[in-house]
Each structure stands twice: as C-alpha cells, then as structure tokens.
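Asks: sequence first, then the predicted structure:
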Amino acid sequence: MGMIGRTLKRTAAQLLGGALAGFLCGCGTGQDVSNLLIQPGKYDIYTCRQITDRLETVEQDIQKLEGLMARASPGAGGSVVSAVAYDPEYQADRGDERELRKAAAAKNCTNLSAPSTPTARASDSTIR
C-alpha cells in the first residue's frame, strides 16, 4: 500500500470518527447520556446526611465545570474543547445529582438545596 493509500485510509477514518462523534452528540439530550453513566439506585444505601454531603459536593463540581465550559466557549474551538474535556464529567455529575435527589425523596430527607438548573453551555450548541 502506497503513501497515498495510507493517507486516504487515515483521512477516511478521521472523517468517519468525526461523523460518529457528531451523530452521538446530536442524538440525545444530556439527560439521556447521564442516564447511561450513572447506575440507578446507586445512592439507595446512603443515609440522609451522606446524601446531603454528597449532593453538596456534586453541585459544587457542577458549578465549577459550568464555569470552565463558559470560559472555554469563546475561544476558537472552545465548544469542542468543552465537549471533549468537560462534558463527560458534567454529565456524570448531573446523573449523580438526579440519583441523589431520588434517594433523598425516597427517604424523605429534608434540608436539601433546591435542584440546580443547567445553564446554557457551549456544548449544548454542538455543531451539527
């Protein structure tokens, strides 16, 4: 196989990978992705105090990631950097938050913070 054949094969693989990534990003909402990342019932054995502590940590992580994604978005390629570097952790944290709130509701825990709402992020407007 010559140099041109390898170059064409590599370019085709890159295009296919990019198309697949675009398809996967455009197929589902963040909630769909976070459902795949978090095991249902993960926090069922936690006490209310443990749920409250973990929820506080997760919400702080979410705020930090939202700030990082907002700072990355104005730059050239920022939305790509944001989607690759921060979005997987962000989606996992959102899934954790949802499961923690479900566990808290099942146990009738009180003194929880209000549910956070996702802010508009650069990765929400993925190029399609």
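Replies: Cool, got the structure.
Asks: any regions of the chain where pLDDT drops low?
Replies: 1-3, 5-37, 115-128 (pLDDT under 70).
Asks: what ranges do the strands span in it?
Replies: Using DSSP state E, no strands are found in the chain.
Asks: ranges for the helices of it?
Replies: Under the criterion DSSP state H, the chain contains helices at 3-27, 30-37, 48-72, 78-81, 87-106.
Asks: in the fourth one, which residues are buried?
Replies: Pointing back at helix 78-81 there. Within helix 78-81, the residues that qualify as buried are 78-79, 81, counting by 16 or more other Cβ atoms under 10 Å. Placement of C-beta: from N, CA and C, glycine included.
Asks: with distance to Ala70 added, can I get those residues in a markdown table?
Replies: Shown next, in a markdown table, are the buried residues of helix 78-81 (distance: Cβ to Cβ, whole Å):
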| residue | distance to Ala70 |
| --- | --- |
| Gly78 | 9 |
| Ser79 | 11 |
| Val81 | 12 |
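Asks: which one of these is nearest to Val58?
Replies: Closest approach to Val58 among the buried residues of helix 78-81 (Cβ to Cβ): Val81, at 22.8 Å.
Asks: any idea how far that closest one is from Ala72?
Replies: Distance of Val81 to Ala72, computed by Cβ to Cβ, to the nearest Å: 5 Å.
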